[in-house]
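Trainee: coords please:
(chains A, B and C)
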Amino acid sequence: MNRDFALGSLMLMVAGSYYAAATLIPESQLADAVGPQGLPRSYAVVLALLSLVLIGQSRWRVHKDEDTESSHSSRALWRVGGMLLIGVLYIVAAPWIGYIPALAALIMVTTYYQGGLINRRVALVSVSGAVFFWLLFVVLLGIPQPAGFWPSLF
Amino acid sequence: MFSTLFELLFTTPIVPAAFGGVAWGILGGALPGISPSITMALLLPFTYGMDPTPALVMLASTYVGAEYGGSIPAILIRTPGTNAAAATVVDGYAMKLQGKAGEALGISLYSGFIGGLFGLIVLVLLTERLSSVALAFTPAAYAALGVLGLSIIASLSRESLVKGLMAGVLGLMISTIGTDPVTGLNRFTFDSPELLSGIPPILVMVGLYAISELFVQSGEPGWEHVPREKARIKFPNPAMWKRLAIPQLIGSVIGTIEGVMPGGGGTVSSFLAYNEARRWSKHKEEFGHGSPEGVAAPEAANNTVACTALIPMLSLGIPSSNSSAVLLGGFLIHGLVPGPLLFVQHSEVINGLYTGLFTANVAMVIVGYLMMTPCLWLVSRPKPFLMAFIYALVASGVYAIENSLFHVGVALGFGVLGYAMRYFKMPFLPMVLGVVLGFMVESNYRRALVLSGGDRMTFLQDRISAGLLIVAVIFLTGSLVRHAMDHRHARS
Amino acid sequence: MSRLRIPLLALGLCVALAAASSAQGKYPKNVVMLVTHSSPGGGSDVFLRELSPYLARLMGVNLVIDNMQGGSGARAMAAVAKAKPDGGSFYATTPTFIYTSLLSRPAASYKDLEPLVNMFFDPEVLYTAADSRFKTLKDVLDAARQGKGKWGAANPASLERQVMERLKQKAGVTPVIATFEGGGDMLINVLNHTLDMGVGELQEISAQLDARKLRLLGVVGEARLPQFPDVRTVKEQGIDLSVRKFRGLAGPKGTSREVIAAWEAAVPKLLADPKYKALYTKNGLQPGFIPHAEYVKFMSEFGSQTEAFLKESGVIR
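Mentor: Numbering: from 1, shown residues only, chains lettered A, B, ... in the order given. The predicted structure follows:
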């Protein structure tokens, strides 16, 4: 099984489920002739056709696209998962512990994850980085980043 | 004429307003997620207490600064700061990888300056004439314009046409999320209020480019420094000026046209300019691999738009983009109503605004130059720190779009998608184009059909629409022929 | 630096408190948040910012305008519904919040908010291009009767769309109705004759009206507009149709009697302030004070009418 074949099959599934979701859009008296489902359905059909073409190509064309990039080995995939997890944890934690602690943690953990090193300097850079971002986004730009439980303490 | 301009320059605080606005704009534009319109909106409350002219100069200068600022992270960390900088990412970041970051930043700044001046000249001389162009655009013409934009997908997908088209269709699908433009029904929102207004294109761009790059980089941990380069901005030399003249002209002309048309905006113009610059270039093969022209054209285009977008706003009172809508709010709050009479009743404000925009373009070069060295220093830090800070920057900036962590999650999702697309060798640009143009094409296509009673001939009867569609067909056939020829070459 | 700043801030606050308490001393809060879903520079935002200096002086409070964009008001509604009902935060209402409540399922809907008082009505007008071949509403309707009408409303599933759909029913004509992404977008299509007629707020089209590029065809309200005494209402032209696009405030449920009374006393005074009156008249707003008890009824009627319209047309089930 080669990569283009996999992509083609995957896209065929996307097209199918998107089409199914499009048919669930309710009818409306205010609708035009094309309707809210009209273009989504055509997009799904076009995507399905393209997928079939790709699958066809992958069957009879000699392919030379075996993995040249090391970034897609299974070990790399695990590392990507870890990186993603850091981001997800930030999203989960920020509303609870607040912007500065969550961001400091994000910076510190990412640095550790990438450099395998944790020391006073890394901690200092992380905390001051988070404070810098807080000054930039919250104080200067006035964007209310998640506050966490802190306001309820006062 | 000149004496009044001089008087304006030195008696009202236009100069500090322009400098302040530009600095604020570059800062906001450089932060991914903080769009030019958000940057302006954040500043707007502070301008309420000011005199009208400096207040409006400050807002307009913010727009100028933000359109330039977006290119800084696009070049340095593969993160478009604004929608319009998405086309700059391709060759700008490629130049950075070749150790030419300073040069790329210099080209972007210089081209933005040229584009801005061009736009300003057009604004001063042709506002009245071009406002009638804005009025000539019917829904059919807008739909055709969107199709023209989409037609460049074919030439943007170099390796595999099929995969490029797939990415484009996926982008179009993403653009259908949110409120239906005709009935107001919610489509593909799964009852989530966050999805009602759709997925902002900047989320897709930040996810695809920046976050997926973080993911790819995370495969190779280590403490080595990012290749340290001369942490200095480098302005182009005369030979480069010559080479950049054509792409800058292309960018400026396209930016002028797009700026005037409501709904066009900087993003579409950047893509069209990038594509045209490649078509007319003597060094086509360099595009995508660090071509200076690939940076110059889109940057000239989006800075032209920062001026020409004011044409319909000032002359008709109709904002052509979110950013000019914020500027319109700035006018209203000072009791000034943009429209045909503004030029007669408040010519002093108009003159002040023009003077301010000129100052802003000069200020952009100065402030941009000063900000460059610290930016270059920042991106030459050790890799783990750099990645951690990019992650933090993206998470904070994307949050600001609607002050919601939901959007941070969506951006992460697009990061995963981007990673998968790299694996499958699917190009990003077609998807970005689909997301940017999808809503415009769909809403105007359907609107045109509503108005014509379902008659598809309306797209050929409308002269502008017919013209644009013919150009789109020429583009498409051209790139299909090229694809076919490339194939034959590859086989033989 | 930060050590210095806290006392300074506290000092500033004390001054503000002193000023506020000396002014009236009745209202239970010193700082009142007015929450809007409009972004800075948008319609409701400009409205609130113009209003706030006059209102702040009258009520002896500091008014803070909080722009909570997102979800067409869903976020702003949720925030106000959750706020303490102590008179400290209110949501600036327009019909949008009813439409959003009905069209999407926001965490808090208009039913979770307590309507406070109404302040203004935005007159909705029908208009066409000044150089259009249509001189009166009757001309437009006649053309539509022959099946060639093209009408425009600024947004899909909005009050304006509802006006056009009702007008179509009541006049018994069959034009096509196109919707746009906002008033400006539609205005272009009226000016270039793609549309026979558009509907919108007076404020949106005032620049073009002043420049005599547009002609008013009728007022979709109960009374004629003082600025345009010659323009007849749609009712006067024989079609029983009138809408009231409201601008008022709503607070969290359980807002106390005294808070409500303070607003009921302040708003009529605000509307009578001659300086402010000049400003809002210029912006095409009509004073439309509705006291609390009536406003609650008004809102629930408006809500159920809108719901009926949206159900009838199949937009919601």
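Trainee: for C:Gly152, what are its contacts?
Mentor: Applying Cβ atoms under 8 Å, 6 or more residues apart in numbering or on different chains to C:Gly152 gives the contacts C:164, C:177-180, C:186, C:189-190, C:195, C:197-199. Yep, even glycine has a C-beta here, placed from its N, CA and C like the rest.
Trainee: doesn't it fall inside a strand?
Mentor: Yes. Secondary structure of C:Gly152 (DSSP: H, G, I helix; E, B strand; the rest coil): part of a strand.
Trainee: low-confidence ranges in the chain?
Mentor: You didn't pick a chain, so chain A it is. A:1, A:61-72 (pLDDT under 70).
Trainee: I was thinking of chain C, sorry if that wasn't clear
Mentor: The model of chain C has pLDDT under 70 over residues C:1-25, C:70-71.
Trainee: Out of the contacts of C:Gly152, name the ones that lie in strands.
Mentor: C:177-179, C:197-199 (DSSP state E).
Trainee: which one of those sits closest to C:Ala293?
Mentor: Nearest to C:Ala293, judged by Cβ to Cβ, of the ones in strands among the contacts of C:Gly152 is C:Val199 at 31.0 Å.
Trainee: quick one: contacts for the residue in chain B positioned nearest to chain C?
Mentor: Scanning chain B for the residue nearest chain C gives B:Gly329, at 2.0 Å (criterion: Cβ to the nearest Cβ). Neighbouring residues of B:Gly329 by Cβ under 8 Å, 6+ apart: B:44, C:40-42, C:45-46.
Trainee: any chance of the residues you listed in TSV, plus neighbour count and secondary structure?
Mentor: Shown next, in TSV, are the contacts of B:Gly329 (neighbours: other Cβ atoms under 10 Å in any protein chain shown; DSSP: H, G, I helix; E, B strand; the rest coil):
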residue	neighbour count	secondary structure
B:Leu44	25	helix
C:Pro40	25	coil
C:Gly41	27	coil
C:Gly42	19	coil
C:Asp45	26	helix
C:Val46	23	helix
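Trainee: so which of those also contact chain A?
Mentor: Among those, not one lies near chain A by Cβ under 8 Å from any Cβ of the partner chain.
Trainee: Show me which of these is closest to A:Leu54.
Mentor: C:Gly42 (44.9 Å).
Trainee: before we move on, the earlier item: which of the ones in strands among the contacts of C:Gly152 count as buried?
Mentor: C:177-179, C:197-199 (16 or more other Cβ atoms under 10 Å in any protein chain shown).
Trainee: Check those residues and tell me the two furthest apart.
Mentor: That would be C:Thr179 and C:Met197, which, of these, are the farthest apart (Cβ to Cβ) at 13.8 Å.
Trainee: What count of nearby residues applies to B:Pro16?
Mentor: 14 (other Cβ atoms under 10 Å in any protein chain shown).
Trainee: Could you do B:Leu451 as well?
Mentor: Neighbours of B:Leu451 under the rule other Cβ under 10 Å: 23.
Trainee: element containing it?
Mentor: helix B:429-452 (DSSP states H and E).
Trainee: Which is the succeeding secondary structure element to that helix?
Mentor: Using DSSP H and E, the first helix or strand after helix B:429-452 is helix B:458-461.
Trainee: and that following helix, does that touch chain A?
Mentor: No. Using Cβ under 8 Å from any Cβ, helix B:458-461 never reaches chain A; the gap is at least 12.7 Å.
Trainee: For that helix, which helices and strands make contact with it?
Mentor: With contacts taken as 3 or more Cβ pairs under 8 Å, 6 or more residues apart in numbering or on different chains; DSSP states H and E, helix B:458-461 sits against helix B:139-151, helix B:429-452, helix B:463-491.
Trainee: Would you mind giving those helices as JSON lines with mean pLDDT and distance to chain A added?
Mentor: Formatted as JSON lines, these follow (pLDDT from 0 to 100; distance: least, Cβ to the nearest Cβ, whole Å):
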{"stretch": "helix B:139-151", "mean pLDDT": "90", "distance to chain A": "11"}
{"stretch": "helix B:429-452", "mean pLDDT": "91", "distance to chain A": "5"}
{"stretch": "helix B:463-491", "mean pLDDT": "85", "distance to chain A": "10"}
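Trainee: export those to CSV and tack on distance to A:Ser128?
Mentor: CSV is the format used below for the helices and strands packed on helix B:458-461 (distance: least, Cβ to Cβ, whole Å):
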stretch, distance to A:Ser128
helix B:139-151, 44
helix B:429-452, 35
helix B:463-491, 50
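Trainee: quick one: the helix holding B:Leu451 to helix B:463-491, angle?
Mentor: Interaxial angle of helix B:429-452 relative to helix B:463-491 (axes from the mean of the first three to the mean of the last three Cα atoms, to 10 degrees): 150 degrees.
Trainee: Quickly check: helix B:429-452 near chain C or not.
Mentor: Yes. Applying Cβ under 8 Å from any Cβ, one finds helix B:429-452 in contact with chain C at B:443, B:447, B:450-451.
Trainee: Neighbour-wise, which one of the residues you listed leads?
Mentor: Neighbour counts for the residues of helix B:429-452 next to chain C peak at B:Arg447, which has 28 neighbours (criterion: other Cβ under 10 Å).
Trainee: quick one, what contacts residue 104?
Mentor: Picked chain A for this. With Cβ under 8 Å, 6+ apart, A:Ala104 has these contacts: A:126-127, A:129-130.
Trainee: To clarify, I was referring to chain C.
Mentor: By Cβ under 8 Å, 6+ apart, the neighbours of C:Ser104 are B:186, B:189, B:191, B:193, B:196, C:71-72, C:74.
Trainee: Which pair of the residues you listed spans the longest distance?
Mentor: Farthest pair in those (Cβ to Cβ) is B:Asp191 and C:Ser72. Separation: 14.6 Å.
Trainee: Comparing those two, which residue is more hemmed in?
Mentor: C:Ser72 (22 against 10).
Trainee: quick one: the helix holding B:Leu451 to helix B:139-151, angle?
Mentor: Helix B:429-452 runs at 160 degrees relative to helix B:139-151, counting by the same axes, to 10 degrees.
Trainee: Need the CA coordinates for helix B:429-452. PDB is fine.
Mentor: Extracted in PDB, the C-alpha atoms of helix B:429-452 (Å, rounded to 0.1, in the frame of the first residue of the first chain):
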ATOM      1  CA  LEU B 429      -1.400  27.200  -0.600                       C
ATOM      2  CA  PRO B 430      -4.400  25.800  -2.500                       C
ATOM      3  CA  MET B 431      -6.100  25.000   0.800                       C
ATOM      4  CA  VAL B 432      -5.500  28.500   2.100                       C
ATOM      5  CA  LEU B 433      -6.900  30.000  -1.100                       C
ATOM      6  CA  GLY B 434     -10.000  27.800  -0.800                       C
ATOM      7  CA  VAL B 435     -10.600  28.900   2.800                       C
ATOM      8  CA  VAL B 436     -10.000  32.600   1.900                       C
ATOM      9  CA  LEU B 437     -12.100  32.600  -1.200                       C
ATOM     10  CA  GLY B 438     -14.700  30.000  -0.500                       C
ATOM     11  CA  PHE B 439     -17.300  32.200   1.200                       C
ATOM     12  CA  MET B 440     -16.900  35.000  -1.300                       C
ATOM     13  CA  VAL B 441     -17.400  32.600  -4.200                       C
ATOM     14  CA  GLU B 442     -20.300  30.800  -2.700                       C
ATOM     15  CA  SER B 443     -22.300  33.700  -1.400                       C
ATOM     16  CA  ASN B 444     -21.900  35.800  -4.600                       C
ATOM     17  CA  TYR B 445     -22.500  32.800  -6.900                       C
ATOM     18  CA  ARG B 446     -25.800  32.100  -5.100                       C
ATOM     19  CA  ARG B 447     -26.700  35.800  -4.800                       C
ATOM     20  CA  ALA B 448     -26.200  36.300  -8.500                       C
ATOM     21  CA  LEU B 449     -28.400  33.300  -9.300                       C
ATOM     22  CA  VAL B 450     -31.100  34.600  -7.000                       C
ATOM     23  CA  LEU B 451     -31.000  37.900  -8.800                       C
ATOM     24  CA  SER B 452     -31.100  36.400 -12.200                       C
END
